[in-house]
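Engineer: Got a predicted structure plus its sequence, pasted below:
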2 protein chains.
Amino acid sequence: MTDRGAPWVLGVDSGGSGVRFALRRAEPGPPAGTITSKEPVRTGPAGIDAEHLLAQLLPAAQELMLRTGTDRIAAVAVGAAGMATLGDALRAELPGALADALGVRGLALAADAVTAYAGALGQRAGAVVAAGTGMIALGTDLATWRRADGWGHLLGDSGGGAWIGRAGLDAALRAHDGRPGGSAALLARLEAVFGAPGELPGLLYPRGDRPAVLASFAPEVAGCAAADPVAAGILREAAGHIAASAAAVCPPSAGDQPQVALTGGLLKLGEPLLAPLRAEFARLLPYARGIEAAGDPLDGSLLIATGIAGDGLRLPHDPRMLWIANGVTDRDRVSAKTDQDS
Amino acid sequence: MTDRGAPWVLGVDSGGSGVRFALRRAEPGPPAGTITSKEPVRTGPAGIDAEHLLAQLLPAAQELMLRTGTDRIAAVAVGAAGMATLGDALRAELPGALADALGVRGLALAADAVTAYAGALGQRAGAVVAAGTGMIALGTDLATWRRADGWGHLLGDSGGGAWIGRAGLDAALRAHDGRPGGSAALLARLEAVFGAPGELPGLLYPRGDRPAVLASFAPEVAGCAAADPVAAGILREAAGHIAASAAAVCPPSAGDQPQVALTGGLLKLGEPLLAPLRAEFARLLPYARGIEAAGDPLDGSLLIATGIAGDGLRLPHDPRMLWIANGVTDRDRVSAKTDQDS
């Protein structure tokens, strides 16, 4: 029985809290099925663990194929945190493994910022800010990618959740010590959340998830901002950093008005952050149009896989940001012709 | 044969790069003997490992007693990084262990900032800044201790080596990204020291000694300061933080002019830091007198042990900052009387 619809594509979104899989036809629309794993893919000395990803991806793909009654996946797109610097094993092993196990002939491996971009703006020029615990801005004129920040909590991620939380704890401890720049309101929140200030270093430094611990204090900073000028100043400064990163990557207006979208959990801080963000974007990117993100990174993976399998990928290829397994797609084109001929 | 000089005292300085031991008479002067171990005392979930410290302290004390021909140590003072929050096992185990093994009857356990203070200023009122990878200021009016900062690289240590290095790397990556606040000169130094900026997160984050890696860039910031306004601005801001911490702990002038000393490896950055430091101290602590540190933390341990064994300890007792094993000193007083009587 020949399946006469568009080919099927699999989108994968691998992040710090687990992996999500979605299957749909290579055309716009919601997924036909999704699977969520709460098991984050391991990262070892050799980077993201390809075996561990495959051990989740292959059963998930087979389950989704069973559910939808399809016997073949034409293309897969995997978006993963750390893909740019830690994706060598995936780039080496996934093309062959997916071709052998599932007959997949199109594969894209994308940085999570790229799938966030594709989910938010699709294949249009503009800039996307992904702000959660960290903060990264990605922009493209559809010729090249430009990235700003995303350097992690010790080197940057300026304006992200860990940055805001850390600035809030610093202000709290300044009040505790009697140093300038302190906030008694933030000190009270520190004590309510973490207990005695003297215990905080012992709570924080031994943890493996220090950035998340710092970011957990960001909502306290937002909660104090209405009444506390120090907290409000931290959020204003964060908004300035975020808008500056967006402005650094946004393509110049060339006829079209570039689109800019904000994504990520940091937006949950609400008006205390969003009000200064609007002001800073108006100041630094007056020519851009702020829009709501159309979808999330899993939608972005599906959009990229759809581009490979069907209507064409206009987002720029890049060995670290958006890598396409060329051998596989070449073979795909050959056998697509053979399928048509037969 | 009765030893008719002043009793002998042992000073111990336990830090991140090892442990130093010094033995001398309980009177001012250089040590009669010193031993240096390159093995830092382990810190586990229960805090500083008392067994591991004793396994180094007891043989070192016996070796120094052999060298100097003494048969008895009257008092020991141990200064250790983390003593305030991680010293519970030492406070529980050291008094008995030292009494049993060496007949020691006077024991002080001090935070490393306290031994730095005692080494720098002796038993006088004032403030001492200890700035290396981290930064802490400690002051006393001889009634209580006041501490400012020393919260570690994620919560404070503002103006210390890791803080300066991190600010320099942030400015370098801003230049790389095209964000505001960047420094092309610091970016060139980042590339010379660490290689391609894209590799830096992978070099830094897996390390256990991240603060030291950050601090290793502080001399590069100092090296750029003469020609680069961003680097100079970082050092000016660091100097402001350091002076503000000193001002927060320095006792007010009450007849005497309080003394302030700067100690620690950060001073090796030289004039690029020292010039703004002088300016900031003149601005924030005009009533204090800046002096050269008389000695280092090992000298401070010897001074505290000498105070216990002989001429009296005027620095304030504090359960976390400068803890005196009272039971032991009480027993010491009793048996000192017995010695005199016999």
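Structural biologist: Received, thanks. Numbers count the residues shown, from 1 in each chain, chains lettered A, B, ... in the order given.

Engineer: Going by neighbour count, list what's buried in the helix or strand in which A:Pro201 is found.
Structural biologist: Following DSSP states H and E, one finds A:Pro201 within helix A:200-204. Neighbour-count burial for helix A:200-204, counted by 16 or more other Cβ atoms under 10 Å in any protein chain shown, picks out A:Leu200, A:Pro201, A:Leu204. Backbone N, C-alpha and C define where each C-beta goes, glycine included.

Engineer: all helices of chain A, in order?
Structural biologist: Using DSSP state H, the helices of chain A run over A:50-68, A:83-86, A:88-102, A:112-121, A:161-177, A:184-194, A:200-204, A:210-215, A:218-224, A:229-249, A:271-284, A:297-306, A:326-341.

Engineer: Lowest average confidence across these, which one?
Structural biologist: Among the helices of chain A, helix A:326-341 has the lowest mean pLDDT, at a mean of 45.

Engineer: ok, which of the buried residues of helix A:200-204 also contact chain B?
Structural biologist: Applying Cβ under 8 Å from any Cβ of the partner chain to the buried residues of helix A:200-204, one finds that A:Leu200, A:Pro201, A:Leu204 fall near chain B.

Engineer: Generate CSV for the buried residues of helix A:200-204, with distance to A:Ala110 as supplementary columns.
Structural biologist: Shown next, in CSV, are the buried residues of helix A:200-204 (distance: Cβ to Cβ, whole Å):
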residue, distance to A:Ala110
A:Leu200, 38
A:Pro201, 38
A:Leu204, 33
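
Engineer: from those residues, which is closest to chain B?
Structural biologist: Set against chain B, the nearest of these by Cβ to the nearest Cβ is A:Pro201 (5.1 Å).

Engineer: Domain ranges for chain A, per the record?
Structural biologist: A:8-122+A:296-341, A:126-291 (automatic domain parsing).

Engineer: Just give me how far the last one sits from the chain centre.
Structural biologist: Once both centres are worked out by Cα atoms, centre = their mean, to the nearest Å, domain A:126-291 turns out to sit 16 Å from its chain's centre.

Engineer: Endpoints of it, how far apart?
Structural biologist: This stretch, domain A:126-291, spans 10 Å end to end (Cα to Cα, to the nearest Å).

Engineer: and what of stretch A:129-143?
Structural biologist: Stretch A:129-143: ends 19 Å apart by Cα to Cα.

Engineer: ditto for stretch A:38-55
Structural biologist: Terminal-residue distance, stretch A:38-55 (Cα to Cα): 14 Å.

Engineer: Just the buried positions in that stretch, please.
Structural biologist: Neighbour-count burial for stretch A:38-55 flags A:Val41, A:Thr43, A:Gly47, A:Ile48, A:Asp49, A:Ala50, A:His52, A:Leu53, A:Leu54 (criterion: 16+ other Cβ under 10 Å).

Engineer: for stretch A:172-190, same thing?
Structural biologist: A:172-177, A:179, A:182-183, A:185-187, A:189-190.

Engineer: among those residues, which are within reach of chain B?
Structural biologist: Answer for those near chain B (Cβ under 8 Å from any Cβ): A:Leu173, A:Arg174, A:Asp177, A:Arg179.

Engineer: could you list every residue that touches the first one?
Structural biologist: In this case it means A:Leu173. Contacts of A:Leu173 were listed using Cβ atoms under 8 Å, 6 or more residues apart in numbering or on different chains, and they are A:Gly182, A:Leu187, A:Leu190, A:Pro197, A:Leu200, B:Asp149, B:Trp151, B:Leu155, B:Gly156.
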